[in-house]
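*Asks:* Got a sequence here, can you build the structure:
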Amino acid sequence: MNLQQLGFTTFFDTQLQTLSIDTSTKLVGRVILEHKHSYRVLTEQGEFLATVSGNFAYHAFSRKDYPAVGDFVIIEQMPGEERAIIHHLFDRKSKFTRKMAGLEVDEQIVATNVDLILLVMSLNDDFNIRRLERYLVAAWDSGATPVIVLTKADLCEDVTPYLKEIESVAFGVDILTVSARTGEGMASLHALLTEGITAALLGSSGAGKSTLTNALLNTEQMKVSTIREDDAKGRHTTTHRELVVLPSGACLIDTPGMRELQLWDQGDSLNASFSDIEQLTENCRFRDCKHKNEPGCAVLQAVEEGALDAARLTSYFKLQRELAYFEKKANTDAQLAEKRKWKQVSKSLKKMK
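*Replies:* The predicted model follows:
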């Protein structure tokens, strides 16, 4: 195992050169597992169970300041133990995020430093084009390249309708049709996952992510479950994010299934993912056209003529409203967090006097 195989590129090496580190006591590693601020870190010298240092925690004011699966960190091994302390977190070259589940308005980092986002959907009744639109918006915003992976091809007699539907919303995105059971299409997937590349598997429960991981590993390392026969929806199998190293030398991050992906700060990527609507907007009579009932609206005309799916426009409006709400709420919460941060700093300074 070497750092380059783990994805330690010049982007991270440049950062390393600016740090004053005693390499005799400290190591560079990659977070492969996270559980309540306890981490598994893989290095050239082996694997360590690690926690952040007190100084690290003191300067971490939100979840994004803590390590996540895929992050590169600097650790210090505890003498005579397979345990370590995390002292430094490298800047991330990419990150896939979503809003935290529930009412809390905060960012949850799903995977970092990823080159490819493998958006996994199964070719059964759980196929959902609206869900895919959400994943594409988040994937483009991550800084990684999305690739759509359609699984369970052996259970589908004709994939053509699925491909046509995806091509109508996923412009310029590669689509792979695979079957982990028969091996169909797996060669194309293997060709993407070469040494030094990091990919993250994202999709709903039962989409076949863990089965796909096992096929790529050629093991049964990831536990798998069958889908429910009554509605073709999957049972949750993977309960945590984990990075594994494939025989090819690539790194693969498997993630828990997400039935609902709530976006987090992806306004620009929304426009990119819905570029067909954005292009139509340029032909609207009014520059501030809302595409509701304005005269001369090119978007509504396209819907009437059948050139644009009405459901896609509805999805576009829904995602716009969702992002606008969370942006407003997040700005308010960020201001409160900043006040708490400086209040904490002020208290510390007073204690030092």
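
*Asks:* which non-adjacent residue is nearest residue 201?
*Replies:* With sequence-adjacent residues excluded and distances taken as C-beta to C-beta, 6 or more residues apart in numbering, residue 201 is closest to residue 209, at 4.4 Å. Heads up, the C-betas are built off the backbone N, CA and C, glycines and all.

*Asks:* which stretches of the stretch 251-353 of the chain form helices?
*Replies:* 267-273, 275-281, 298-304, 310-352 (DSSP state H, counting those that start in this stretch).

*Asks:* Does the third one pack against any helices or strands, and if so which?
*Replies:* When contacts are defined as 3 or more C-beta pairs under 8 Å, 6 or more residues apart in numbering; DSSP states H and E, helix 298-304 sits against helix 275-281, helix 310-352.

*Asks:* in the shortest one, what counts as buried?
*Replies:* For helix 275-281, the buried set under the neighbour-count rule, 16 or more other C-beta atoms under 10 Å, comprises 276-277, 280-281.

*Asks:* Can you tell me which of the residues you listed is nearest residue 58?
*Replies:* Residue 58 lies nearest to residue 277 out of those, by C-beta to C-beta, at 46.1 Å.

*Asks:* show me what contacts the residue nearest to that closest one when sequence neighbours are not counted?
*Replies:* The shortest distance from residue 277 to any residue other than its chain neighbours is 5.6 Å, reached at residue 316 (C-beta to C-beta, 6+ apart). By C-beta atoms under 8 Å, 6 or more residues apart in numbering, residue 316 lies in contact with 270, 274, 277.

*Asks:* Could you break the protein into its assigned domains?
*Replies:* Following automatic domain parsing, one gets these domains for the chain: 10-89, 95-254, 267-347.

*Asks:* Can you tell me the number of residues neighbouring residue 164?
*Replies:* By other C-beta atoms under 10 Å, the residues close to residue 164 number 9.

*Asks:* On the pLDDT front, check it for me.
*Replies:* You'll see residue 164 listed with a pLDDT of 92.

*Asks:* again with residue 134
*Replies:* Per the predicted model, pLDDT is 82 at residue 134.

*Asks:* pretty sure it contacts residue 323?
*Replies:* No - look at residue 134 against residue 323 with C-beta atoms under 8 Å: they stay out of range, at 11.0 Å.

*Asks:* Identify the bridge partners of residue 118.
*Replies:* residue 147, residue 201 (DSSP bridges).

*Asks:* same question but for residue 84, I mixed them up
*Replies:* Bridge pairing for residue 84 - DSSP bridges - gives residue 50, residue 77.

*Asks:* In contact with it, which residues?
*Replies:* Counting by C-beta under 8 Å, 6+ apart, residue 84 touches 27, 29, 41, 48-50, 75-78.

*Asks:* tell me which element residue 163 falls in.
*Replies:* helix 160-167 (DSSP states H and E).

*Asks:* can I assume residue 11 sits in a strand?
*Replies:* No - checked against DSSP: H, G, I helix; E, B strand; the rest coil, residue 11 lies outside a strand; its state is helix.

*Asks:* By mean pLDDT, show me the worst of the helices and strands packed on helix 298-304.
*Replies:* For these, mean pLDDT drops lowest on helix 310-352, to a mean of 68.

*Asks:* Which stretches in the stretch 101-250 of the chain count as strands?
*Replies:* When assigned using DSSP state E, counting those that start in this stretch, the strands of the stretch 101-250 of the chain occupy the ranges 107-112, 116-122, 145-151, 174-177, 198-203, 242-245.

*Asks:* what about the residue positioned nearest the centre of the chain, distance to residue 204?
*Replies:* Residue closest to the average C-alpha location in the chain (C-alpha atoms, centre = their mean): residue 96, at 3.0 Å. Note on residue 96: its distance to residue 204, by C-beta to C-beta, to the nearest Å, is 15 Å.

*Asks:* ranking the domains of the chain by burial, who's on top?
*Replies:* Stretch with highest mean neighbour count among the domains of the chain: domain 95-254 (a mean of 18; mean count of other C-beta atoms under 10 Å).

*Asks:* From the chain's centroid, how far away is that domain?
*Replies:* Centroid separation for domain 95-254 versus its chain: 10 Å, with C-alpha atoms, centre = their mean, to the nearest Å.

*Asks:* Likewise for stretch 69-78?
*Replies:* That offset, for stretch 69-78, works out to 20 Å (C-alpha atoms, centre = their mean).

*Asks:* Convert that stretch to CSV, retaining C-alpha atoms only.
*Replies:* Taking Å, rounded to 0.1, in the frame of the first residue of the first chain, the C-alpha atoms of stretch 69-78 are listed here in CSV:
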residue,chain,number,x,y,z
VAL,A,69,-14.6,9.2,4.9
GLY,A,70,-12.2,9.9,2.1
ASP,A,71,-10.3,12.6,3.8
PHE,A,72,-6.5,12.7,4.1
VAL,A,73,-5.2,13.5,7.6
ILE,A,74,-1.9,13.6,9.5
ILE,A,75,-1.8,11.3,12.5
GLU,A,76,0.5,10.6,15.4
GLN,A,77,0.8,7.0,16.4
MET,A,78,0.5,6.3,20.1
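
*Asks:* Averaged pLDDT, that stretch. What do you get?
*Replies:* The model assigns stretch 69-78 a mean pLDDT of 94.
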